[in-house]
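Visitor: structure for this input, please:
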Amino acid sequence: MNLNSNIFEGQLYDGKSSNPIPVTVILYSDKLVIHPKETEKNHPTQTWENSKLKDYQKLSIDLVQIRYGDFPSQTLEVKSTLFAENFKPPKSGLTRLVHRLIHSGWITLTTIILFALGALLFLYLYGLPWLSEQAVRFVPMEYEVKMGEELYKNLMKEEKIDSTRTKLANLFIKEIDFQTEYPLQITVVESDIKNAFALPGGHIVIYSKLLNDMRQHEELCGLLGHEVGHVKLRHTTKNIFRSLSGYLLISVFLGDFSGVSATLLDNAHQLNQLSYSRALETEADETSLACMQHNKIKPEGILSLFDNLEKGHNDNLNIPEFFSTHPVTENRKRHIKEKIAKAKNLYIEHAFLEGLFHQMQKN
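Guide: Numbering: from 1, shown residues only. Coordinates of the predicted model:
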């Protein structure tokens with residue numbers, strides 16, 4: 001019922017009692033003035049600003065329910081079609097949601113904010129990288145090869161290539177059946193850094209320091225099998241997508257492969273420093289072992305390679321770059337040892353591989 005164009009009768013529930021308090025409500029554009037009837041002298045006149053309303057609902061065409069204040073909040077009910085038409089609360093939708101959150105109490109609001117920040121952090125650390133890895137499935141192999149070629153050219157601009165050793169290394173790799181369709185290409189770079197890495201599509205770069213420290217051709221076979229494993233299983237591409245996840249994910253799902261290339265080239269200098277997880281390293285180890293067994297090469301070469309890498313680390317020399325990007329752990333070594341012990345390892349002499357290896361060591 002309305003007494004004037006902006007004066008209405010209503011019922012107030014103070015949150016302390018279930019009994020309604022008869023009140024007179026004066027409606028303004030930005031607030032409500034709520035005055036108890038003369039029979040309710042124990043209750044003071046209140047002013048509710050629209051911006052601080054906690055909640056409101058239009059229960060019917062002529063009944064509006066409004067909540068105000070912290071727990072226990074007060075509830076006002078006004079039964080009037082004119083009031084329902086003229087009452088101007090904050091707009092519905094996002095504005096209403098924000099309005100509710102702001103006036104829900106600092107404990108509730110803080111909890112919501114912390115939960116939202118936690119959810120965003122979880123999505124950033126786990127969700128986005130995981131989605132980026134899944135996006136690799138949408139990248140065609142031919143594009144991956146092209147992408148790797150562009151990255152290789154960009155990286156080699158600042159490196160000194162040992163052309164003689166590179167030729168010998170490519171002869172070496174052609175003698176091994178890696179059971180892959182990727183076009184494998186080896187490059188030996190002159191450097192005091194002990195490292196090797198694979199690029200998407202088949203390029204493998206070996207630094208001369210790592211090659212110099214090898215003592216048998218089986219170590220090189222183990223290394224190449226490991227790096228080819230990263231290529232075949234697309235570990236390198238997945239790692240790159242994880243590292244540059246946000247933009248790359250959007251680009252792949254939009255089919256903007258030129259955008260992917262641009263992002264990768266801008267960050268090419270970091271790609272040889274990407275580290276692999278233990279799970280990916282174990283997968284690459286197993287691929288290397290399977291390759292050596294398939295080609296009848298002594299699989300102990302993988303263990304010799306591990307020992308070679310760990311020797312420099314344990315002697316408190318500079319930690320090999322390969323060690324930091326391909327972490328060697330006791331679990332990895334034990335895992336490969338167990339697999340070698342269980343398998344029937346038939347191997348033959350590989351005089352040509354051994355000869356090529358010694359030629360690389362002389363140069």
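Visitor: what about the stretch 51-200 of the chain, any weak spots by pLDDT?
Guide: Along the stretch 51-200 of the chain, segments meeting pLDDT under 70 span 90-109, 120, 123-133.
Visitor: and the helices in it?
Guide: 81-86, 94-102, 106-122, 128-135, 141-156, 163-174 (DSSP state H, counting those that start in this stretch).
Visitor: relative to Asn195, which of the ones you listed is closest?
Guide: When the helices of the stretch 51-200 of the chain are compared by Cβ to Cβ, helix 141-156 sits nearest Asn195, at 12.3 Å. For the C-beta atoms, the positions are set from N, CA and C on the backbone; glycine is no exception.
Visitor: give the buried residues for that closest one.
Guide: 144-145, 147-152, 154-155 (16 or more other Cβ atoms under 10 Å).
Visitor: show me what that helix is packed up against.
Guide: strand 185-189, strand 203-207, helix 257-266 (3 or more Cβ pairs under 8 Å, 6 or more residues apart in numbering; DSSP states H and E).
Visitor: so what strands line up beside the second one?
Guide: When sheet partners are counted by DSSP bridges, strand 203-207 sits next to strand 185-189 (parallel), strand 196-198 (antiparallel).
Visitor: so which of the ones you listed comes closest to Lys333?
Guide: Using Cβ to Cβ, those put strand 196-198 closest to Lys333, at 18.2 Å.
Visitor: how far away from the center of its chain is the closest one?
Guide: Centroid displacement of strand 196-198 relative to its chain, using Cα atoms, centre = their mean, to the nearest Å, is 22 Å.
Visitor: and if you look at stretch 23-30?
Guide: Distance, centroid of stretch 23-30 to centroid of chain: 53 Å (Cα atoms, centre = their mean).
Visitor: got the contact list for that stretch?
Guide: Applying Cβ atoms under 8 Å, 6 or more residues apart in numbering, the contact partners of stretch 23-30 are 3, 6-12, 32-37, 40, 49-51, 76, 78, 83, 86-88.
Visitor: which SS state does Thr237 fall under?
Guide: Put simply, Thr237 is helix when judged by DSSP: H, G, I helix; E, B strand; the rest coil.
Visitor: tell me how many other residues crowd it.
Guide: Neighbour count for Thr237, taken as other Cβ atoms under 10 Å: 24.
Visitor: look up the closest residue to it, ignoring the ones flanking it.
Guide: Pro200 (4.4 Å; Cβ to Cβ, 6 or more residues apart in numbering).
Visitor: ok, the one you found to Ala290 distance?
Guide: Going from Pro200 to Ala290 by Cβ to Cβ, to the nearest Å gives 21 Å.
Visitor: who's more crowded, those two?
Guide: Pro200 (31 against 16).
Visitor: so what's the more buried one up against?
Guide: Counting by Cβ under 8 Å, 6+ apart, Pro200 has contacts 144-145, 147-148, 151, 231, 234, 236-237, 240.
Visitor: about what we covered before: want to throw the buried residues of helix 141-156 into TSV with distance to Glu300?
Guide: Shown next, in TSV, are the buried residues of helix 141-156 (distance: Cβ to Cβ, whole Å):
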residue	distance to Glu300
Glu144	32
Val145	33
Met147	35
Gly148	31
Glu149	35
Glu150	38
Leu151	33
Tyr152	32
Asn154	37
Leu155	32
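Visitor: pass me the low-pLDDT residue ranges in the stretch 251-363 of the chain, would you?
Guide: Along the stretch 251-363 of the chain, segments meeting pLDDT under 70 span 251-276, 312-329, 363.
Visitor: can you rerun that using 90?
Guide: 251-282, 306-334, 341-347, 361-363 (pLDDT under 90).
Visitor: re the thing from before, and the residue nearest to Thr237, how close does it get to Glu9?
Guide: Applying Cβ to Cβ to Pro200 and Glu9 gives a distance of 75 Å.
Visitor: cool, His43 as well?
Guide: Remark: distance between His43 and Glu9 (Cβ to Cβ) = 15 Å.
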